[in-house]
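Asker: sequence unknown, structure follows:
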């Protein structure tokens, strides 16, 4: 009896969620400044964004192809070192906070 009840409930959930998703499919999404975007506007914006990313990748690709040395190739990715440094700094800050919290918890128990 429990299995039948579970399967019936699951079927109802799937049916109602599918109907809700179908109803939302025709609604426009919100754009910037609370403006609703139509499908065509979303499509154009997506294609514009993709074009910019493709152009940036092609620029990096040409840089790597032209690189003759490791240093020249590193120059194709100027932000890579900064990103790694920021991650290290973030991890150190996080570890320091954890140590401080650990010390506070141990000190409050006495």
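Answerer: Structure received. What you see is a predicted model; the values in this text were computed from it and never measured.
Asker: got the end-to-end distance for stretch 69-77?
Answerer: Start to finish, the residues bounding stretch 69-77 are 14 Å apart (C-alpha to C-alpha, to the nearest Å).
Asker: Rank the helices and strands of this protein by mean pLDDT and give me the bottom one.
Answerer: strand 29-30 (a mean of 60; mean pLDDT, DSSP states H and E).
Asker: Determine the next helix or strand in the C-terminal direction from it.
Answerer: For strand 29-30, the succeeding helix or strand toward the C-terminus, using DSSP states H and E, is strand 36-37.
Asker: ok, that next one: who's next to it in the sheet?
Answerer: Listed by DSSP bridges, the sheet partners of strand 36-37 and their directions read strand 29-30 (antiparallel).
Asker: Which SSE is immediately downstream of the helix or strand where residue 72 lies?
Answerer: Here residue 72 sits within helix 70-74, counting by DSSP H and E. Next in sequence after helix 70-74, counting helices and strands by DSSP H and E, comes helix 80-108.
Asker: Before I go, just wanted to say thanks for your time.
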